[in-house]
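Chemist: quick one, fold the following:
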Amino acid sequence: FKRWKSMGPGVEEVKGHVKNYFVNNFSERWEHRPNLNGIQFQSLSAEDNLILMAPFTIDEVREVIWSSGDNKSPGPDGFNFNFMKVCSNSLIFYMNFIVVLLSQRQSQHLS
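Modeler: Below is the predicted model:
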C-alpha cells in the first residue's frame, strides 16, 4: 500500500474500496444473538462419565461385530462386518499384540 501513494490520483479511493470489501466480508455482525443464560442443561454423573471414558473391552467389540449385519461396514475402508467375523480371532490377537508393544515402547520413554 505504501508504494501506491506514488501511483497517482484515485489510488486512495481504490485502497478504501479494497479495505471496505474485506471489512464487510470478514467482520462479524452482532445484530441478535441467542442467550443461553439461565438454561439448566442436563449433565452426566461422575459414574456415567467414567463409563463413557473407559476403553472398549474385547467383549463389547465382539458383541457389536456379531450383532451387526454382514454387509454393513463401520468405516470407509471397505472392510465389512463379515470380514471382521471371519477374522475376529486373528484381529484380537494382533490388537492385543499391538497394545502390548505400544505400552512397552511408551514405558521406555517414561524411564
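Chemist: what is the neighbour count of the nearest residue to Ser73 once chain neighbours are set aside?
Modeler: Once its chain neighbours are removed from consideration, Ser73 has its nearest residue in Asn80; the separation is 4.5 Å (Cβ to Cβ, 6 or more residues apart in numbering). Backbone N, C-alpha and C define where each C-beta goes, glycine included. When counting by other Cβ atoms under 10 Å, one arrives at 16 neighbours for Asn80.
Chemist: and what of the one 3 residues further on?
Modeler: When neighbours are counted by other Cβ under 10 Å, Phe83 registers 14.
Chemist: angles on the backbone of the closest residue to Asp70 other than its chain neighbours, please.
Modeler: Sequence neighbours aside, Asn82 is the residue nearest to Asp70 in space, at 3.8 Å (criterion: Cβ to Cβ, 6+ apart). Here the main-chain torsion angles of Asn82 (degrees, to the nearest 10) amount to phi -60, psi -40.
Chemist: from Ser68, how far out is Asn82?
Modeler: Summarising the geometry, the distance separating Asn82 from Ser68, computed by Cβ to Cβ, to the nearest Å, is 9 Å.
Chemist: what helix or strand does Gly75 sit in?
Modeler: With elements delineated by DSSP states H and E, Gly75 resides in a region that no helix or strand encompasses.
Chemist: what's the answer for Tyr94, then?
Modeler: helix 88-110.
Chemist: so what's the model's average confidence on that helix?
Modeler: Here the mean pLDDT over helix 88-110 is 75, rounded to a whole number.
Chemist: to what extent is Asn82 buried, counted in neighbours?
Modeler: Neighbours of Asn82 under the rule other Cβ under 10 Å: 15.
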